[in-house]
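Student: Below: sequence and its predicted model.
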Amino acid sequence: MTNVKQIPTAHINCQLFYVSEAQAGQVENLKALIAEHALPIILDIELFPEKLNQKRRQQLSETSTQPILLLDDKDKLSWLSDGLSVAPEWDKLQRRVVSAGRKSELLLQAAKITSDSTVIDATAGFGHDSLILASTGAQVTMLEQQPLMALLLLAEQQRMRALPNWQKLMSRLQIINVDALSYFAKLQAESVNAIKENDAKVVDVIYLDPMFPEDSYQDSKTGKGAKVGKHMQALHQLARPPTSEEELQLLQSAQAVVSQHAQRQGRVVVKRPQLAPLLANQQPSESWHNEAVRFDGYFV
């Protein structure tokens with residue numbers, strides 16, 4: 001759910017604390033993930049056997065001049081942000097993933113995908129919506145432009161692959177550290193030649209969940225609406241909301257990608273707080289909403 005603007009390519013120095021010498025192998029796995037996916041991250045690694053209670057986490061947050069990553073005794077990688085540890089924690093979504101369907105998930109009502117669909121989650125964030133999309137059997141490409149967030153996602157995917165009940169779902173997820181606009185431009189360029197050769201890739205749905213101002217979650221007069229959780233608080237430290245111009249560019253680029261195949265109707269699905277304005281002030285084809293959230297569908 002991070003912003004779509006291109007980020008600097010300069011390396012990010014991160015402090016990684018791990019709690020046991022037995023985790024040396026997992027630390028090496030994290031370094032291998034960084035190398036394999038060419039993430040611009042340099043780890044400053046330190047064994048930290050102390051108990052990381054809330055007070056100690058707050059102290060670390062206040063004194064460190066660089067992002068802090070924590071590897072706990074269950075090999076879960078977290079990011080320490082203002083004393084709060086945030087992580088994808090996909091295992092906590094097991095009940096939702098197992099029971100996901102159009103009756104229970106508004107997102108699936110809007111996306112209307114099947115097991116043979118190809119989906120791009122262009123603003124992956126912590127990946128929770130990607131899991132719901134992939135629960136249908138669809139192949140989901142997750143784009144995350146922030147290297148730190150991409151590492152959290154890759155580490156979580158690696159952790160969940162070790163659990164038998166999650167292996168099939170994990171195989172349907174591809175995580176890429178890239179900004180959405182660059183990726184869309186690449187797809188469009190590749191499609192020009194692919195269409196000539198009758199070998200064009202079909203993208204059925206592009207899902208957008210761009211950052212929006214913190215004050216757009218609740219009605220300013222009534223106070224009703226979704227409260228900002230710790231995951232969202234953390235994301236607001238990494239990214240700013242896109243401008244109206246950037247919103248329009250993002251929406252139009254996504255529409256261009258799903259419209260490349262005239263024989264199939266593609267759609268762009270945009271997630272917004274229920275009371276938030278339309279993305280780039282563009283009227284959707286259809287909307288689905290509850291008390292907290294709204295999904296706007298743009299059919300192409």
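Tutor: Noted; the coordinates are in hand.
Student: Tell me how far Phe126 lies from Val27.
Tutor: Phe126 is 22 Å from Val27, where distance means CB to CB, to the nearest Å. C-beta coordinates here come from the backbone N, C-alpha and C atoms, glycine included.
Student: ok, those two, which is more surrounded?
Tutor: Looking at Phe126 and Val27 with other CB atoms under 10 Å, you find the greater number of neighbours at Phe126, namely 23 against 17.
Student: Is it correct that the more buried one falls within a strand?
Tutor: No: counting by DSSP: H, G, I helix; E, B strand; the rest coil, Phe126 is located in no strand; its state is coil.
Student: my read: it touches Lys92, true?
Tutor: No: proximity of Phe126 to Lys92 does not meet the contact threshold set by CB atoms under 8 Å, at 10.9 Å.
Student: who touches stretch 277-285?
Tutor: Defining contact as CB atoms under 8 Å, 6 or more residues apart in numbering, one finds that stretch 277-285 is touched by 208, 210, 216, 244, 247-248, 250-251, 267, 270, 272, 296-299.
Student: same question but for stretch 109-119, I mixed them up
Tutor: For stretch 109-119, the external contacting residues (CB under 8 Å, 6+ apart) are 102, 133-134, 136-141, 201-207, 267, 269, 286, 288, 295-297.
Student: Return the subset of those residues lying in helices.
Tutor: Leu133, Ala134 (DSSP state H).
Student: could you flag which of the contacts of stretch 109-119 are buried?
Tutor: Among the contacts of stretch 109-119, those classed as buried by 16 or more other CB atoms under 10 Å are 133-134, 136, 138-141, 203-207, 267, 269, 288, 295-297.
Student: quick one, phi psi at the residue nearest to Asp296 when sequence neighbours are not counted?
Tutor: Spatial nearest neighbour of Asp296, excluding adjacent residues (CB to CB, 6 or more residues apart in numbering): Pro284 at 3.7 Å. Phi and psi for Pro284, reported as degrees, to the nearest 10, are phi -80, psi 170.
Student: any idea of the pLDDT on Pro284?
Tutor: Confidence at Pro284, expressed as pLDDT, is 97.
Student: From Gln188, how far off is it?
Tutor: From Pro284 across to Gln188, the span is 22 Å (CB to CB).
Student: Mean confidence (pLDDT) on stretch 73-81, please.
Tutor: 89.
Student: Go ahead and produce CSV holding the CA coordinates of that stretch.
Tutor: Taking Å, rounded to 0.1, in the frame of the first residue of the first chain, the C-alpha atoms of stretch 73-81 are listed here in CSV:
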residue,chain,number,x,y,z
ASP,A,73,13.0,-17.0,17.9
LYS,A,74,10.4,-18.2,15.4
ASP,A,75,12.3,-16.7,12.5
LYS,A,76,9.7,-14.0,12.0
LEU,A,77,11.2,-10.8,10.5
SER,A,78,9.8,-7.6,11.9
TRP,A,79,10.4,-3.9,11.4
LEU,A,80,10.7,-1.8,14.5
SER,A,81,8.9,1.5,13.9
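Student: buried stuff in that stretch?
Tutor: Neighbour count says stretch 73-81 has Asp75, Lys76, Leu77, Ser78, Trp79, Leu80, Ser81 buried, by 16+ other CB under 10 Å.
Student: same thing with stretch 109-123?
Tutor: Buried residues in stretch 109-123, counted by 16+ other CB under 10 Å: Gln109, Ala110, Ala111, Lys112, Ile113, Ser117, Thr118, Val119, Ile120, Asp121, Ala122, Thr123.
Student: Filter the residues you listed down to the ones in helices?
Tutor: Counted as lying in helices by DSSP H, out of the buried residues of stretch 109-123, are Gln109, Ala110, Ala111.
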